[in-house]
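S.K.: the sequence isn't on hand, but the structure is:
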């Protein structure tokens, strides 16, 4: 962010903390209007930008420290400079195609002075290797025109050198700190602008896992204060000699820090949990309740509504309802309800196919747990509990990937599989495991060695390679299993694992990660494969299909953009040939078996989609950086036919709603925007229930409506393209009147429609069509029958009719009073006294028994006693509170309130019969329209 103009912000894409799950970027973006609009400034092939520094007084001068391709050599590395606000760039520091810039700092007192560090590093799926002769510390004194290598200056550690973090004290430009990865590394300080150095601290806590951290920051005011980031957040107040103060942040693994140059108490910190802000120097921090969650996989449960679950990077597993379940206390992200299901940060999750409370979840180190959410009971059932850390893959009898498959056989709920380089099977819930395959990988020795670098090794799971990464037990045959490895092989067994056949497509190269494989539920012998090679610097999509058990393969990538490499592919379980594809940059779909892919991005953020599933009528995504996403109701994709695109309008068959859980979502298409649209809801006998009309292309809730009127059905929209109208499954509500205030009830909402068949009819100027759907019963209900819900509807409907009768009486009374009051001054004193005033008083007395006329604000019912219409409305709220048969008490109260209503309405009838003729006579005498005896 430019110090002189906070509306100017530059963003560098990609990650430089080179974990196995990093995301690559496409260069640099800029906004000049505070984020309203963004412009791409190029540098696309930098892929991983480490730092952006803006001149403190001239926002047109900007520097980019680019690490370059994490997975391959490239020239677009080093330090780039622009002097025209990013319109053009010059590469001002370059070492080699193997080394990029990883840190950069400007001297705020003399912006001509810069320090930069370059890091020689390479990464593959099986290896991260950092350090070497191109890892250097550089200084420029002419704004980046020329650079001097300071790596070997007096006091710096002997080579080999790895990653270096560097900072300049704004309080003293001669004071420089560097945290250096070396055999004799640590925190180094210079007090002469980098000419000579002294090692002030060598604690491992500051330099462990250097590739992942190595960040250092100077306090803007105090030259003795400096911060280091690692698993912890450390502070020194003695010039970097000791870092005894640990600043507590909401989450560990700290990667970046911003300190306000004008107020050091203001900080922004980023870590593996997200980001947080402090305004008191780190004593307290903001919450991390916005979505930056990185999921490795996604699964959905058999609950109704279904739950969505996944494992969060550097956090717990997480499961949450897709909709509803408001009876659970809200404690989770964004204060919604959620729960963990065992396992850990990186694992696959599956639910038991019969007992929905049992979950199986994995994590790094071969962890595999069985968890019972009904009572919290956990058991570790890993196949081979020989823990490993700090060892290369070649030393491990069983190679367990960071995230490995765990799944049941669709044909047998007693059979569960998991995978190392072998496929394992259990039939006794994890008590014992049987190896049912040989090594199904290339197991190239080159990919099984040490990882980390020439200085610091790092071996704890992400680089374990040559494993079975994807598995698909057949939907059609218990003895058929498909398996894909992370180094590029695909196998099949047709005899339960006794024999395996290598069916790898010829054009799937070695070192391809077979990410997700999905067998068709419609066609035996059909498998879809999503593979990727980005970790060998090939970012093209690899998607295949076979219809003959792998004898022949077809590559299906037409329509997928370059760089959108594939992560997950799934076929719709309802419509054969409808496919969904998760990629590094979003989602695609195909309606012709993958022959052509089309973007399904809509408003989904551009974020890696690591996994997706089709559940019921939805597509559910697990993104690596933006949490879970759900695309509701894919019926239009399932029902689409080519001829539809030429029709004026199309009504799609609605999915069946579940009473008490989901509403009726009516989707329809217009070739062009319409003037008006009408929907009619009918029952099974074609009796009209309600009519909804819309005339606007976008539905917006009236902001002036009170909260209790903002729910319910939406208004139909008339926009070109796909539209959605929602019916809340309720009949029309009770009659109401202006200004009516009711406590603990919403009489405007009608009774919930009972279980059964319904129809929706769409009407436009030249198109009319009717579609049917079923309102289904909530399967979670216990001890409730359809007949109970029918009875609930019948009573609720009767109560609503009585509520309407009470309100209509109030409306009638107020209309009469208004008519008379508008002409009161014309009446004689005698008529007023003897006839009209007593008549009005009798009407008011009845009105005040029907409704609390003193109510003027929402809370007034706490001050003035509620009256009959409120009691009726609240009785209906009680009857419809949940899905159940009405209680005996409800019938008793209804009988009492009905009797009371009948008495008041009877009194009103008497008054109208006995007193109205006299009042009408008085009105007639002064030439005023008479009041009708009934309406």
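M.R.: Arrived safely. Note that the structure is predicted; figures quoted are calculated from it, not measured.
S.K.: could you list the buried residues of stretch 105-120?
M.R.: Within stretch 105-120, the residues that qualify as buried are 105-108, 111, 113-120, counting by 16 or more other CB atoms under 10 Å. Every residue, glycine included, has its C-beta placed from N, CA and C.
S.K.: could you export these as a markdown table, including secondary structure, pLDDT and distance to residue 603?
M.R.: Shown next, in a markdown table, are those (DSSP: H, G, I helix; E, B strand; the rest coil; pLDDT from 0 to 100; distance: CB to CB, whole Å):
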| residue | secondary structure | pLDDT | distance to residue 603 |
| --- | --- | --- | --- |
| 105 | strand | 98 | 38 |
| 106 | strand | 98 | 37 |
| 107 | coil | 98 | 43 |
| 108 | coil | 95 | 40 |
| 111 | coil | 98 | 40 |
| 113 | coil | 98 | 45 |
| 114 | strand | 98 | 40 |
| 115 | strand | 98 | 42 |
| 116 | strand | 98 | 39 |
| 117 | strand | 98 | 39 |
| 118 | strand | 98 | 39 |
| 119 | strand | 98 | 37 |
| 120 | strand | 98 | 41 |
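S.K.: of those residues, which pair is most distant in space?
M.R.: Set against one another by CB to CB, these have their most distant pair in 108 and 120, with a gap of 29.2 Å.
S.K.: before we move on, the earlier item: of all the buried residues of stretch 105-120, which comes closest to residue 72?
M.R.: Minimum separation from residue 72 among those (CB to CB) is found for residue 120, which lies at 13.5 Å.
S.K.: tell me how many other residues surround the residue nearest to residue 602 when sequence neighbours are not counted.
M.R.: With sequence-adjacent residues excluded and distances taken as CB to CB, 6 or more residues apart in numbering, residue 602 is closest to residue 631, at 7.5 Å. Counted with other CB atoms under 10 Å, the burial measure for residue 631 works out to 19 neighbours.
S.K.: likewise residue 804?
M.R.: 19.
S.K.: next: residue 13.
M.R.: Summarising burial for residue 13: neighbours were counted as other CB under 10 Å, giving 18.
S.K.: cool, residue 782 as well?
M.R.: Applying the criterion other CB under 10 Å, we find 4 residues in the vicinity of residue 782.
S.K.: how about the secondary structure of it?
M.R.: Remark: residue 782 carries the secondary structure label coil [criterion: DSSP: H, G, I helix; E, B strand; the rest coil].
S.K.: please tell me the pLDDT value assigned to the closest residue to residue 294 other than its chain neighbours.
M.R.: Nearest in space to residue 294, with sequence neighbours left out and distances taken as CB to CB, 6+ apart, is residue 313 at 3.8 Å. Residue 313 is assigned a pLDDT of 93 by the prediction.
S.K.: show me what contacts residue 146?
M.R.: For residue 146, the contacting residues are residue 140, taking CB atoms under 8 Å, 6 or more residues apart in numbering as the criterion.
S.K.: related to what we said a few turns ago, so which of the buried residues of stretch 105-120 is the closest to residue 920?
M.R.: For those, the nearest to residue 920 is residue 108 (89.9 Å; CB to CB).
S.K.: show me the longest helix that occurs in the protein.
M.R.: In the chain, assigned by DSSP state H, the helix with the most residues is helix 786-821.
S.K.: list the buried residues for it?
M.R.: Neighbour-count burial for helix 786-821 [16+ other CB under 10 Å]: 788-789, 791-793, 795-796, 799-800, 802-814, 816, 820.
S.K.: could you identify the helix or strand that succeeds it?
M.R.: Next in sequence after helix 786-821, counting helices and strands by DSSP states H and E, comes helix 829-831.
S.K.: show me what that following helix is in contact with.
M.R.: If you take CB under 8 Å, 6+ apart as the criterion, helix 829-831 is touched by 922, 925.
S.K.: what ranges do the strands span in the stretch 301-450 of the chain?
M.R.: With DSSP state E, counting those that start in this stretch, the ranges of strands along the stretch 301-450 of the chain come out as 307-311, 317-321, 349-351, 358-362, 368-372, 377-380, 406-409, 412-419, 423-426, 434-435.
S.K.: turn those into CSV, columns for distance to residue 593 and mean neighbour count.
M.R.: As requested, the strands of the stretch 301-450 of the chain are exported to CSV (distance: least, CB to CB, whole Å; neighbours: other CB atoms under 10 Å):
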stretch, distance to residue 593, mean neighbour count
strand 307-311, 27, 27
strand 317-321, 33, 22
strand 349-351, 27, 24
strand 358-362, 32, 26
strand 368-372, 35, 22
strand 377-380, 42, 13
strand 406-409, 24, 20
strand 412-419, 27, 20
strand 423-426, 28, 21
strand 434-435, 35, 12
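S.K.: in the stretch 601-750 of the chain, where is pLDDT below threshold?
M.R.: Residues of the stretch 601-750 of the chain meeting the criterion pLDDT under 70: 702-711.
S.K.: equivalent analysis for the stretch 801-935 of the chain, please.
M.R.: Counting by pLDDT under 70, the stretch 801-935 of the chain has low-confidence residues at 935.
S.K.: go on, the stretch 401-550 of the chain?
M.R.: Judged by pLDDT under 70, the stretch 401-550 of the chain has no weakly predicted residues.
S.K.: can you count the residues close to residue 611?
M.R.: Applying other CB under 10 Å, we find 24 other residues in the vicinity of residue 611.
S.K.: three-state assignment of it?
M.R.: Residue 611 falls in the strand class when you classify it by three-state DSSP.
S.K.: again, but for the one 10 residues further on
M.R.: Under the three-state scheme (three-state DSSP), residue 621 adopts strand.
S.K.: same thing with residue 134?
M.R.: Judged by three-state DSSP, the three-state class of residue 134 is coil.
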